[in-house]
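# just coords:
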């Protein structure tokens with residue numbers, strides 16, 4: 001039996017962009033939420049981030065959704081790391097953040113946007129073993145002081161080693177699936 005690789009954009013979108021139970025499971029496994037903050041349900045949103053002005057750049061993300069607590073999630077799967085990817089992540093996250101504001105809205109109505117980026121490549125040093133990189137906006141000399149609004153998760157699949165359940169069990173199982181599936185799958189042809 002052969003499978004399509006879920007690290008391919010199209011396959012990833014078909015699996016996680018159309019099956020909310022799978023998306024909720026993946027997000028709860030990857031995000032560092034405590035039990036009271038877990039995602040219980042979500043609504044899929046358009047993955048096209050269209051600006052109000054035709055002069056501004058239009059972008060598309062793999063999956064975009066919002067949970068019942070009002071939090072936004074942008075999920076991207078990236079096969080090859082490029083320096084421009086970081087800029088794209090920052091751009092799309094900030095764009096999603098500002099698109100929440102309608103004329104007459106109050107700033108306290110803004111919800112946090114989480115950018116989850118699963119990368120099938122190395123973006124930190126190859127000899128560095130850490131695969132899970134979670135970024136928030138913190139004060140440099142007092143990291144416990146944090147600006148709320150945007151948070152970023154990068155996961156380097158090649159560095160994930162499926163050899164221990166010491167990580168959270170569901171995170172372990174999802175990342176094991178993503179890191180080992182390629183041995184028995186077909187890639188979707190580019191003209192599909």
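Nice, thanks for sending it over. Model, not experiment: these values are computed from the prediction. Numbers count the residues shown, from 1 in each chain.

# Going by C-alpha atoms from here, please, whenever you check contacts or count neighbours.
Will do.

# State the three-state secondary structure for residue 137.
Counting by DSSP: H, G, I helix; E, B strand; the rest coil, the backbone at residue 137 sits in strand.

# Can you get me a residue count around it?
By other CA atoms under 10 Å, 14 other residues sit near residue 137.

# That one reaches residue 144, doesn't it?
No: using CA atoms under 8 Å, residue 137 is not in contact with residue 144; the gap is 10.0 Å.

# got any residues that touch both of those two?
Common neighbours of residue 137 and residue 144 are not found (criterion: CA atoms under 8 Å, 6 or more residues apart in numbering).

# What residues sit buried inside the longest helix along the chain?
In terms of residue count, the longest helix belonging to the chain (DSSP state H) is helix 83-98. For helix 83-98, a neighbour-count test (16 or more other CA atoms under 10 Å) marks 89, 92, 93, 95, 96, 97 as buried.

# Greatest separation within those residues: which pair is it?
Farthest-apart pair in the buried residues of helix 83-98 is 89 and 97; separation 12.2 Å (CA to CA).

# so how far does stretch 161-179 reach from one end to the other?
This stretch, stretch 161-179, spans 8 Å end to end (CA to CA, to the nearest Å).

# The longest helix of the chain packs against which elements?
In terms of contacts (3 or more CA pairs under 8 Å, 6 or more residues apart in numbering; DSSP states H and E), helix 83-98 is packed against strand 48-49, strand 113-119, strand 146-156.

# how about those in TSV, adding mean neighbour count?
Putting these into TSV (neighbours: other CA atoms under 10 Å) gives the following:
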stretch	mean neighbour count
strand 48-49	16
strand 113-119	23
strand 146-156	18
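
# would JSON lines of those with distance to residue 16 be doable?
Formatted as JSON lines, the helices and strands packed on helix 83-98 follow (distance: least, CA to CA, whole Å):
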{"stretch": "strand 48-49", "distance to residue 16": "16"}
{"stretch": "strand 113-119", "distance to residue 16": "13"}
{"stretch": "strand 146-156", "distance to residue 16": "17"}
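
# quick one, which of those strands is nearest to residue 12?
Of all the helices and strands packed on helix 83-98, strand 113-119 sits nearest to residue 12, with 10.7 Å by CA to CA.

# and that closest one, how far from the chain's centre?
Its chain's average C-alpha position is 2 Å from that of strand 113-119, according to CA atoms, centre = their mean, to the nearest Å.

# ok, back up a step: the longest helix of the chain to strand 146-156, inter-axis angle?
Angle, helix 83-98 to strand 146-156, by axes from the mean of the first three to the mean of the last three CA atoms, to 10 degrees: 140 degrees.
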